[in-house]
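Peer 1: What would the 3D arrangement of this be:
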Amino acid sequence: MARDGVRYRLYGMNVLATYLHAAFHRPDTRIYRCVEGAVGVLIIVSIALLGVRALVPEGSSWSPALFRLDRAILMIFAVEIFLRVASLRPAALRIFDALPVARRLRIHAFARLRFLVRPIMLVDVVAVLALLPQLRALRVLRLMRLLPARQVFRYRNPLAIVPRIFEENSLLFAMAFSVLGAATLIGGGAIYAAEAGTNPGIDTFLDGVWWALVTITTVGFGDITPETAAGRVIGAVMMVAGMFTLAMFAGIVGSSLVRGVLSIREEQFRMSNHANHVVVCGYDQSTHLLLDALAGELSLSETRVVLMDDHERPRELPPDFLWVRGNPTKESELDKVRLTQAAAVIVSGERDVPPHVADARTILITFTVRNHINGRPEDMRRRRAPLYVVAEILDSENVAHARAAGADEVIETQRIGFSMIAHAVGYHGTATTMSRVLLSGAHNVYVGTVPGKPRAPQPFGELLRELKLSERGGLVVGLRTPSGQELINPPRSHVVEPDNIHLIYLAEEPLLDPPR
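Peer 2: Purely as a prediction, here's the structure:
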């Protein structure tokens, strides 16, 4: 009984954790939208209270009630931030298993710290400081939660590249600051020598340096103005020198930032903490159809899709998909997409080259991917499931080659399409029916494990009657053995062994847990 009580409590805690994660981290769920809507309303009410309290006199009878309401809303904001951080699920733990307790705790701690220092989270934390009366105006910052532009903060802070830019271009910056310092000192000394004793604003050498710095940077406070002809000539020279100095700084800073941004953009995904993502190798004019299908099958907020090809990001690519420029046929480039952290790899065939050329590249990429992950046994051993590689082959003669290269699944897209067309000629409407089965959003094919304890061998028909999938809208069409052999529509008398009860079924949504 005690064990049952502990088990029920653990189950309840898991259910609560799942709901909290969905409420704060899964935009595709209803509870997330409800929480965001409620937070948005509270933000507007909080800003409105700030204005009302400014209008209500201090001694008014409404002041205590408004103060308590204001504090209550800010406390709700603080609790919301705490729950958002506490309910975070590090993506790395959805990939790796059997990690030491210390490493799991470290992953949890660093994931929450990285989440907390995101700009939009820092804004929320600073806004909660409005609990202090002196900082109550900070709550206005939470209006940023209502802006769509918050998506620009999904990536790491770009200011992290500034120190590296200064380090890599230290000679250029030293030269620029030397020119600025020399011009300031020479100009300050010259104006001091020309106007000391005649200009009440210049009594010391430092006054001259201050005027030179203000002039050369084109700030021009006007607190010190040359009064002599020599002083005006010096001022004119300093103004012209200021234009050249600013142009030099602009060129150095601009070129350095461009180089730094370009390099950081290529390494952005590698340095991120993305995990459990799907990598698509290859992009052509038909890839958008694959992306539409992936968007229908996956929750893009939970499972990100990153495309990799050796050219710039296409302008027509939707912002929901990530892009990494690199050559997937080179093993050294695959680290850019964090391959050991990915859930699956899709190698897409090219349509703008002959089929045998496209298949050759597909096979090479597949072999490179498999060789890359085989060279990292420590990372792969800790995964919950192996990296799944799906390859598209255009010429049927190359299917065996793709499997030999390491593809877990090979899709013959052209052969499947032509077979459906040919079959539709003899049996009208079959192509339409199969399209409904294959396309996401309608009935689809799933593979699932039979729930419950290990079973004794039993007839296929008896297993179907026991599961009652048909009552839940499912139709079992076959079995899959551990070796990967598929038995489509076996006889009801076929004996199902305990170690091969993976069912292939049709349904509108998954009804059984997928095989692990």
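
Peer 1: list the contacts for the nearest residue to E195 once chain neighbours are set aside?
Peer 2: Leaving aside its sequence neighbours, E195 sits nearest to G231 (C-beta to C-beta, 6 or more residues apart in numbering; 4.7 Å). (C-beta placed from N, C-alpha, C; glycine too.) With contact set as C-beta atoms under 8 Å, 6 or more residues apart in numbering, G231 has these partners: I191, A194, E195, N199.

Peer 1: contacting residues for the third one?
Peer 2: So that's E195. I202, P226, E227, T228, A230, G231.

Peer 1: Likewise for the second one?
Peer 2: Taking C-beta under 8 Å, 6+ apart as the definition of contact, the neighbours of A194 are P226, T228, A230, G231, I234.

Peer 1: Can you give me the pLDDT of the residue nearest to E195?
Peer 2: Here, the pLDDT recorded for G231 equals 89.

Peer 1: Give the helix, strand or coil label for it.
Peer 2: What DSSP: H, G, I helix; E, B strand; the rest coil gives for G231 is helix.

Peer 1: any idea how far V219 is from it?
Peer 2: 18 Å (C-beta to C-beta, to the nearest Å).

Peer 1: What separation do you get for the residue nearest to P27 when sequence neighbours are not counted and A22?
Peer 2: In space, and not counting its chain neighbours, P27 is closest to S301: 4.8 Å by C-beta to C-beta, 6+ apart. For S301, the distance to A22 (C-beta to C-beta) stands at 11 Å.

Peer 1: Comparing those two, which residue is more hemmed in?
Peer 2: Per other C-beta atoms under 10 Å, whichever of S301 and A22 has more neighbours is A22, with 18 against 13.

Peer 1: could you say what helices and strands the helix or strand L213 falls within packs with?
Peer 2: Using DSSP states H and E, L213 maps to helix 205-216. With contacts defined as 3 or more C-beta pairs under 8 Å, 6 or more residues apart in numbering; DSSP states H and E, helix 205-216 has these neighbours: helix 170-195, helix 229-266.

Peer 1: Just the buried residues of the first one, please?
Peer 2: For helix 170-195, the neighbour count (16 or more other C-beta atoms under 10 Å) marks 172-173, 176, 179-180, 183-184, 186-188, 190-192, 194-195 as buried.

Peer 1: Equivalent analysis for stretch 94-107, please.
Peer 2: Counting neighbours by 16+ other C-beta under 10 Å, stretch 94-107 gives R94, I95, F96, I107 as buried.

Peer 1: Then stretch 397-409?
Peer 2: Buried, per 16+ other C-beta under 10 Å, within stretch 397-409: N398, V399, H401, A402, R403, A405, G406, A407, D408.

Peer 1: next one: stretch 323-334
Peer 2: W323, V324, R325, G326, N327, P328, E333, L334.

Peer 1: before we move on, the earlier item: now restrict the contacts of E195 to buried residues only.
Peer 2: In the contacts of E195, burial by neighbour count holds for I202, P226, G231, counting by 16+ other C-beta under 10 Å.

Peer 1: Any chance of JSON lines for those residues, columns distance to R114?
Peer 2: As requested, the buried ones among the contacts of E195 are exported to JSON lines (distance: C-beta to C-beta, whole Å):
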{"residue": "I202", "distance to R114": "53"}
{"residue": "P226", "distance to R114": "54"}
{"residue": "G231", "distance to R114": "56"}
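
Peer 1: List just the nearest of those residues to A358.
Peer 2: Closest approach to A358 among the buried ones among the contacts of E195 (C-beta to C-beta): P226, at 73.6 Å.

Peer 1: Please tell me how far that closest one sits from M238.
Peer 2: From P226 to M238 the distance is 10 Å (C-beta to C-beta).

Peer 1: Can you report phi and psi for E486?
Peer 2: phi -110, psi 130 (degrees, to the nearest 10).

Peer 1: likewise P490?
Peer 2: Here is the backbone geometry of P490 (degrees, to the nearest 10): phi -70, psi 160.

Peer 1: ok, so what distance separates it from E466?
Peer 2: 16 Å.

Peer 1: Over to G189?
Peer 2: 97 Å.

Peer 1: Repeat that for E486.
Peer 2: Taking C-beta to C-beta, one finds E486 at 22 Å from E466.

Peer 1: Also M380?
Peer 2: Distance, M380 to E466, by C-beta to C-beta: 37 Å.

Peer 1: residue ranges with poor pLDDT in the stretch 1-150 of the chain?
Peer 2: 1-12, 53-54, 58-59, 119-120, 130-150 (pLDDT under 70).

Peer 1: which residue ranges form the helices in it?
Peer 2: 2-25, 30-55, 63-86, 101-116, 119-128 (DSSP state H, counting those that start in this stretch).

Peer 1: Let me have the ones you listed in JSON lines, adding distance to S255 as columns.
Peer 2: Listed next are the helices of the stretch 1-150 of the chain as JSON lines, based on distance: least, C-beta to C-beta, whole Å:
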{"stretch": "helix 2-25", "distance to S255": "40"}
{"stretch": "helix 30-55", "distance to S255": "41"}
{"stretch": "helix 63-86", "distance to S255": "39"}
{"stretch": "helix 101-116", "distance to S255": "31"}
{"stretch": "helix 119-128", "distance to S255": "26"}
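
Peer 1: which one of those is the most hemmed in?
Peer 2: Among the helices of the stretch 1-150 of the chain, helix 119-128 has the highest mean neighbour count (mean count of other C-beta atoms under 10 Å), at a mean of 18.

Peer 1: Show me what that helix is packed up against.
Peer 2: Short answer (3+ C-beta pairs under 8 Å, 6+ apart): helix 119-128 packs on helix 63-86, helix 101-116.

Peer 1: Report the buried residues of stretch 370-389.
Peer 2: Neighbour counts over stretch 370-389 (16+ other C-beta under 10 Å) mark R370, H372, I373, R383, L387, V389 as buried.

Peer 1: per-residue confidence averaged over that stretch?
Peer 2: Rounded mean pLDDT across stretch 370-389 is 89.
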